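S.K.: Here is the input, now give the coordinates:
(one chain, ligands or ions: 1)
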Amino acid sequence: MSIHSSTSVACANIAFIKYWGNRDHALRIPVNNSFSMNLAGLYTRTTVKVDGTLTADKLFINGKPANDAALARVHGILEYVRTIAPKKDFMCVESENNFPTGAGIASSAAAFAALALAASRAAGLQADEAALSRLARRGSGSASRSVPDGFVEWQAGTDDESSYAFSIAPAEHWPLADCVAIISDAHKKTTSTDGHALASTSPLQTARIADAPRRVEICRQAILTRDFEALASIAEEDSDLMHAVMMTSHPALFYWKPTTLRVMQSVRDWRKTGLPVFYTIDAGANVHVITLETEMKQVTEKLKTLAGVKDVLATTVGGAAYWVDEGAV
Ligand code: DP6
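M.R.: Now for the predicted structure:
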């Protein structure tokens, strides 16, 4: 009996233009293009073994058997891989995050990007970067953006073939940093997956989508020309727009805490004094504070002085997802 195994590593990413709402929920085809940068310091390492002796897929996260919901989601991806890959046996997936679980840092992007690489290689599937990004997207939309290098655009597309992410500039293009102010480690009451399904219930979502091409273009140019001021203002606007949609959907999703607002206000004040900083917030209370690598230490220290900030995780820009080994026993 042969066991084929593969290990891969993928970074988390932070979006400057957010993904919120799908045109196809099952395939995770989004309603708008999004932009992100990979986060070198926050990553998942995943080993997948295709094992003919298994009678079901298995999933371990940080050394412990995963809960049913996580297993079901991963199983869905593995089932799909078996339909297109030469090897059809069940798989054992072992996944480790280097960042603290329960810190409110979304792990699905790094996790499904790493799974796409390791599962396809272990199952003998030949897949190029776009195909791997598409496979990651089926597990978690934002995972499509954790496959390519550095600064990444996810082209919404209209179907499975056309919806994938690609790099618009490598990690070395612009030494930015993300200082994540940890405010709440509470588990999200509403998952992103449920949130995407609610987006269209907000009357503001139509306006948000209609204006997306403008924001996407400004973001692309800001990244390509390394224009920090332009990126700061469009990323804050885009994050605020997404949260306005969240707050006005039915039922309403309200992720901010008092400390979230305190950090947002401080970041805007610091920027007025000349410090290159801006904020962006995902589906949680934590605030991602983007700055230049040279200011990373200073921004981390300043954030730590704010009441209610429990910790700060600081990271530079990350590269593409990669395979660590290609062991075939
Ligand atoms: C707010 O990719 O986590 O972080 O596809 O259901 O897994 P699923 O959703 P997910 O949504 C991310 C939403 C966001 C914005 C973003 O990263 O673009």
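S.K.: so for stretch 46-59, what's the average pLDDT?
M.R.: Confidence over stretch 46-59, taken as the mean pLDDT, stands at 97.
S.K.: what's the answer for stretch 121-139, then?
M.R.: 97.
S.K.: Could you work out the end-to-end span of that stretch for me?
M.R.: 17 Å (C-alpha to C-alpha, to the nearest Å).
S.K.: Around the ligand, which positions in the stretch 101-250 of the chain sit nearby?
M.R.: With C-beta under 6 Å from any ligand atom as the criterion, the stretch 101-250 of the chain meets the ligand at residues A106, S108, S140, G141, S142, S192, T193, H196. Using the backbone N, CA and C atoms, a C-beta is placed for each residue, glycine as well.
S.K.: ok, now how distant is the closest residue to Y19 other than its chain neighbours from the ligand?
M.R.: Using C-beta to C-beta, 6 or more residues apart in numbering and skipping residues adjacent in sequence, the residue nearest Y19 is S34, 4.3 Å away. When distances are taken as C-beta to the nearest ligand atom, to the nearest Å, S34 and the ligand turn out to be 5 Å apart.
S.K.: Could you give the number of residues near S34?
M.R.: When neighbours are defined as other C-beta atoms under 10 Å, S34 has 27 of them.
S.K.: Now do it, the pLDDT please.
M.R.: 98.
S.K.: Could you give the bridge partners of it?
M.R.: Taking DSSP bridges, one obtains W154 as the residues bridged to S34.
S.K.: ok, now which ones touch L303?
M.R.: For L303, the contact set (C-beta atoms under 8 Å, 6 or more residues apart in numbering) comprises C179, A181, V263, V289, V309, V312.
S.K.: mind checking the SS state of the third one?
M.R.: Per DSSP: H, G, I helix; E, B strand; the rest coil, the secondary structure class of V263 is helix.
S.K.: Among the residues of the stretch 101-250 of the chain next to the ligand, name the buried ones.
M.R.: Members of those that pass the buried threshold by neighbour count (16 or more other C-beta atoms under 10 Å) are listed as A106, S108, S140, G141, S142, S192, H196.
S.K.: I'd assumed F112 was in contact with the third one.
M.R.: Think S140. Yes - S140 sits in contact with F112 when judged by C-beta atoms under 8 Å, with a separation of 4.4 Å.
S.K.: shared neighbours, those two?
M.R.: Residues touching both S140 and F112 (C-beta under 8 Å, 6+ apart): none.
S.K.: backbone phi and psi for the residue lying closest to R28 once chain neighbours are set aside, please?
M.R.: Nearest-residue entry for R28: G141, 4.3 Å, with adjacent residues in sequence omitted and distances by C-beta to C-beta, 6+ apart. With angles defined as degrees, to the nearest 10, G141 shows backbone torsions of phi -50, psi -50.
S.K.: picking that back up, which of the buried ones among the residues of the stretch 101-250 of the chain next to the ligand has the weakest pLDDT?
M.R.: The member of these with the lowest pLDDT is A106, and it reads 74.
S.K.: Would you pull up how far the strand or helix carrying K297 lies from the middle of the chain?
M.R.: Secondary structure here is read from DSSP states H and E; on that basis K297 sits in helix 296-304. Helix 296-304 has its C-alpha centroid displaced from the chain centroid by 23 Å (C-alpha atoms, centre = their mean, to the nearest Å).
S.K.: now stretch 63-75
M.R.: Relative to the mean C-alpha coordinate of its chain, stretch 63-75 is positioned 19 Å out (C-alpha atoms, centre = their mean).
S.K.: buried ones in it?
M.R.: A66, A70, L71, R73, V74, H75.
S.K.: Same check on stretch 170-179?
M.R.: Neighbour-count burial for stretch 170-179 flags A171, H173, W174, L176, A177, D178, C179 (criterion: 16+ other C-beta under 10 Å).
S.K.: can you check stretch 195-215 too?
M.R.: Burial within stretch 195-215, assessed by neighbour count using 16+ other C-beta under 10 Å, is assigned to G195, H196, L198, A199, S200, S202, L204, Q205, R208, I209, A212, R215.
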